[in-house]
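Q: 3D, please:
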Amino acid sequence: MKQFCALIGKFFGIIAIVFLALGLTMPQNFLWVLGKVGGISVLSCLLGVVMFGMGTTLNLKDFALVLKRPLDIIIGCCAQYFVMPFLAYLLSVAFNLDPALTTGVVLVGTCPGGTSSNVITFMSKGDVALSVTMTSVSTVLSPILTPFITYLIIGEKISFDPVGMFWSIVQIVILPICLGLAVKSFLPKLAEKATDYLPAVSSIAISLIIAGVIGASRDLILKAPGLILLVVILHNCCGYALGFAIARLTGLSWKKAVALSIEVGMQNSGLATGLAKAHFAALPAATVPGAVFSAWHNVEHTVVFSVLERSVDAHVVTVGSKRLSDLLFVELRHFREL
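A: As a prediction, the model looks like this:
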């Protein structure tokens, strides 16, 4: 079973693309992902599973860097919550996106960093400690900053409830992470065993979300697939470039700049999809940018890993290839051993 789960994680990029294709060709088979069971959103539950897994990999020590290197964290979080929302707004205006796609792109921009950024930072020989702490801090800040910044950008044109979004993030992100952290703290052996399986579970959960969202918006996507993909790629790549530039301009070292660049460019697009579904039900296409962003990330990760594995030294390849199965989770115990 462990080997099977490892294979799922290792080939997550391919699996995600397969599910995307299934969503486009057999959308009716994945409509349940956007439905409810007993009044509870299936999509929110799937995201909760992912966030629970993230919690089982965290440690209170991960926040210690805030006190040791506060300037680095402040620069990183300010860049995180300024660059991506700003880019989202610019791209929406530049490509004259409709309200639904604008909302989706903005939500991707205002969400916290994605957990797979830590793995990419490790493989890229960036500052892993900074990456881990930035992901943790941006996630903790997200219940306040995500609704606030979203409201600043689109609140005057598109009506939604920022307070309701705050509670959604608490329920979907903060509570599952706290539960995972509690399991890690009080049941460490169970958490240790779970890390062999949770990445695979998370991979399937995200793949189902992609299929469900893509399937529900199939007709809208097929009308302008190139535009949506172009905006997503530009958003991601410009985030990398601006994140790196800001880091270097503020005097951060090369390794820190690599970490900050990756943190800024990679977003928790699954959360963006969940928030779009929960708070912008009248704009079903708002879920599309987050789903496409997730799929693009996985394709990008596959390429990046294949390139980096050929360029890094043997030790990093050994450790890094073991971590290929953890695209969505950050097995911090490996980082702490280095």
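
Q: Quickly find the element holding the closest residue in space to P85 that isn't next to it in sequence.
A: Leaving aside its sequence neighbours, P85 sits nearest to G109 (Cβ to Cβ, 6 or more residues apart in numbering; 4.3 Å). Using the backbone N, CA and C atoms, a C-beta is placed for each residue, glycine as well. Using DSSP states H and E, G109 sits within helix 99-110.

Q: now that helix: how far from the chain's centre is it?
A: 15 Å (Cα atoms, centre = their mean, to the nearest Å).

Q: OK, contacts around the residue nearest to P85?
A: Listed by Cβ atoms under 8 Å, 6 or more residues apart in numbering, the contact partners of G109 are 84-89, 235, 267.

Q: Let's have those in CSV, adding secondary structure, distance to D72 and neighbour count.
A: What follows is these, written out as CSV (DSSP: H, G, I helix; E, B strand; the rest coil; distance: Cβ to Cβ, whole Å; neighbours: other Cβ atoms under 10 Å):
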residue, secondary structure, distance to D72, neighbour count
M84, helix, 18, 29
P85, helix, 21, 23
F86, helix, 21, 16
L87, helix, 22, 24
A88, helix, 25, 29
Y89, helix, 26, 18
H235, helix, 24, 23
Q267, strand, 20, 29
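
Q: what two of those residues are the furthest from one another?
A: Farthest apart among the contacts of G109 by Cβ to Cβ are Y89 and Q267. That separation is 14.7 Å.

Q: Give me the most central residue, this protein.
A: For the chain, N268 is the residue whose C-alpha lies nearest the centre (Cα atoms, centre = their mean; 2.3 Å).

Q: what's that one sitting at in phi/psi?
A: For N268, the backbone dihedrals (degrees, to the nearest 10) come out as phi -80, psi 80.

Q: which residues does it contact?
A: Under the criterion of Cβ under 8 Å, 6+ apart, the contact partners of N268 comprise 111-115, 139, 142.

Q: of these, closest to S217?
A: With Cβ to Cβ as the yardstick, the closest approach to S217 among the contacts of N268 comes from C111, at 18.7 Å.

Q: For the stretch 201-338 of the chain, just list every one of the helices.
A: When assigned using DSSP state H, counting those that start in this stretch, the helices of the stretch 201-338 of the chain occupy the ranges 218-223, 225-249, 254-265, 269-279, 288-311, 314-322, 332-337.

Q: cool, the stretch 1-150 of the chain as well?
A: Taking DSSP H, counting those that start in this stretch as the criterion, the stretch 1-150 of the chain carries its helices at 2-10, 12-25, 42-57, 65-68, 70-94, 99-110, 117-123, 128-154.

Q: and the next element down the chain from the helix or strand harbouring L179?
A: Secondary structure from DSSP H and E places L179 in helix 175-186. Elements were assigned by DSSP H and E; along the chain past helix 175-186, the next helix or strand is helix 188-194.

Q: Against which helices or strands is that following helix packed?
A: Contacts of helix 188-194 with other secondary structure elements, assessed using 3 or more Cβ pairs under 8 Å, 6 or more residues apart in numbering; DSSP states H and E, are made with helix 42-57, helix 175-186.

Q: can you put the ones you listed in a markdown table and add mean pLDDT, distance to I221 and mean neighbour count?
A: Formatted as a markdown table, the helices and strands packed on helix 188-194 follow (pLDDT from 0 to 100; distance: least, Cβ to Cβ, whole Å; neighbours: other Cβ atoms under 10 Å):
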| stretch | mean pLDDT | distance to I221 | mean neighbour count |
| --- | --- | --- | --- |
| helix 42-57 | 87 | 18 | 23 |
| helix 175-186 | 90 | 29 | 17 |
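
Q: Among the ones you listed, which comes closest to P70?
A: helix 175-186 (22.2 Å).

Q: on that earlier part again, for L249, find the nearest of the helices of the stretch 1-150 of the chain.
A: Ranking those by proximity to L249 (Cβ to Cβ) places helix 70-94 first, at 9.8 Å.

Q: buried sites along that closest one?
A: Along helix 70-94, these residues count as buried under the neighbour rule (16 or more other Cβ atoms under 10 Å): 72-73, 75-77, 79-81, 83-89, 91-92.

Q: do the same with stretch 230-249
A: Taking 16+ other Cβ under 10 Å as the neighbour-count basis, stretch 230-249 is seen to contain the buried residues 231-232, 235-236, 238-240, 242-244, 246-247.

Q: measure C5 to M51 for me?
A: 19 Å (Cβ to Cβ, to the nearest Å).

Q: want to throw the helices and strands packed on helix 188-194 into JSON lines with distance to H279?
A: Below are those laid out as JSON lines (distance: least, Cβ to Cβ, whole Å):
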{"stretch": "helix 42-57", "distance to H279": "12"}
{"stretch": "helix 175-186", "distance to H279": "18"}
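
Q: Figure out which of those is closest to A257.
A: Within these, the stretch nearest A257 is helix 42-57; the backing value is 24.7 Å (Cβ to Cβ).
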